[in-house]
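1. generate coordinates for the sequence data below:
(chains A and B)
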Amino acid sequence: EAGVVQSPRYKIIEKKQPVAFWCNPISGHNTLYWYRQNLGQGPELLIRYENEEAVDDSQLPKDRFSAERLKGVDSTLKIQPAELGDSAVYLCASSIRQGPNTEAFFGQGTRLTVV
Amino acid sequence: QQQVKQSPQSLIVQKGGISIINCAYENTAFDYFPWYQQFPGKGPALLIAIRPDVSEKKEGRFTISFNKSAKQFSLHIMDSQPGDSATYFCAASGGMRGNTGKLIFGQGTTLQVKP
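-> Numbers count the residues shown, from 1 in each chain, chains lettered A, B, ... in the order given. Here you go, the predicted model:
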C-alpha cells in the first residue's frame, strides 16, 4: 500500500515568490493534515481537513497561506508571497478518521528554502 | 494549555544501554499519547502510543510509562541499537471537541546510539 505522497521533495524560491505543495493521502483516509516543521522543532499543525472541509485552520497564516482539498482526496498548500521565515519542512499526514487513538501517517515532507 | 514539553534535547547512549526520554503535558483533557520516530529526510512514523487508562505499554524493546497524576510520560528504549539513532517526538491529542486528532508535538530528542 502506498503511503502519503508529497511533491516536490525540495523547493528553493526567492522571497516574495509563490510556492505550492501537493499531497496525495493514503487511499480511504478522509482526514488530512498539513504540518510545518521548523529546524530542530516538532511539527505544528497548520490545517486539518475532514473530507473536503477544513475543520481546523486556526494556525494557518491566512494572509499568505491557503489550502484546498478538492473532492476530499488530494490537497495543495500554497504560500503567496513567501517570506524568509517560511523556510521549513511542510509535512502532510492522513488518517482514516478523526478522533483519539487514530494513527496519523506522515509523508516525507517538502523542504522549502526561501532565499 | 496546549504545550507538550520534552527532554532531553539530545541523548547519547552506548549500544545495549537504556534510552529514556521524558515528556510533560498541561492539558488534562488529552487522552492519546503517541511517540513518533523520525529519521533524517523522512516524515515522522508512529512508534508506540498509550491512553491514560493504563500506566505502561510495552512493544518489543519500546515501553511507554505514563503517570497521569504528574501529567508525565516517558519512552524507554531497552537494549538500544545504532539503528535506533533518530529523532523522537512525543505528542498528545484529544480533549475538546474538534481537537481530537490534532497532535501537539514536543520539541524532539535526538538520540545517538554509539556502537
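
2. for the rest of this, base every contact and every neighbour count on C-alpha atoms.
-> OK.

3. can you show me the helices along chain B?
-> For chain B, helices defined by DSSP state H do not occur.

4. where does it dip in pLDDT?
-> B:1-2, B:95-101 (pLDDT under 70).

5. who in chain A is up against chain B?
-> A:40-45, A:48, A:55-56, A:91, A:98-109 (CA under 8 Å from any CA of the partner chain).

6. list the contacts of the residue most central in space within chain A.
-> By CA atoms, centre = their mean, chain A has its centre lying nearest to residue A:34, at 2.9 Å. By CA atoms under 8 Å, 6 or more residues apart in numbering or on different chains, the contact set of residue A:34 is A:45, A:46, A:47, A:48, A:77, A:90, A:91, A:92, A:93.

7. kindly reformat those residues as TSV containing distance to residue A:10.
-> Output for the contacts of residue A:34, formatted as TSV (distance: CA to CA, whole Å):
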residue	distance to residue A:10
A:45	20
A:46	19
A:47	21
A:48	23
A:77	14
A:90	10
A:91	12
A:92	14
A:93	17
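
8. who wins for neighbours among these?
-> Tallying neighbours with other CA atoms under 10 Å in any protein chain shown puts residue A:92 at the head of these, with 33 neighbours.

9. what's the pLDDT at that residue?
-> Looking at residue A:92, its pLDDT stands at 97.

10. hey, what's it bridged with?
-> Beta bridges link residue A:92 to residue A:34 when assigned by DSSP bridges.

11. who touches stretch A:13-22?
-> By CA under 8 Å, 6+ apart, the surrounding residues in contact with stretch A:13-22 are A:6-8, A:74-84, A:110, A:112-115.

12. now with 7 Å?
-> Contacts of stretch A:13-22 with the rest of the structure, by CA atoms under 7 Å, 6 or more residues apart in numbering or on different chains, involve A:6-8, A:75-84, A:113-115.

13. how about the strands in the chain?
-> Since no chain was named, I'll use chain A. Along chain A, counting by DSSP state E, strands occupy A:5-7, A:10-13, A:19-24, A:31-37, A:44-50, A:53-56, A:65-68, A:75-79, A:88-95, A:105-106, A:110-114.

14. my question was about chain B, not that one.
-> Under DSSP E, chain B gives strands at B:4-7, B:10-14, B:19-25, B:33-38, B:45-50, B:56-59, B:62-67, B:72-77, B:86-92, B:104-105, B:109-114.

15. related to what we said a few turns ago, do you know how far the residue nearest to the centre of chain A is from residue A:26?
-> Separation of residue A:34 from residue A:26 (CA to CA, to the nearest Å): 14 Å.

16. OK, contacts around residue A:32?
-> Residue A:32 makes contacts with A:48, A:49, A:50, A:93, A:94, A:95, as judged by CA under 7 Å, 6+ apart.

17. pick out the most distant pair among the residues you listed.
-> The largest separation in the contacts of residue A:32, counting by CA to CA, is between A:50 and A:93 at 12.2 Å.

18. quick check: closest non-adjacent residue to residue A:83.
-> In space, and not counting its chain neighbours, residue A:83 is closest to residue A:15: 5.1 Å by CA to CA, 6 or more residues apart in numbering or on different chains.

19. cool, and residue A:107?
-> With CA to CA, 6+ apart, the residue lying closest to residue A:107 is residue A:4, at 4.6 Å.
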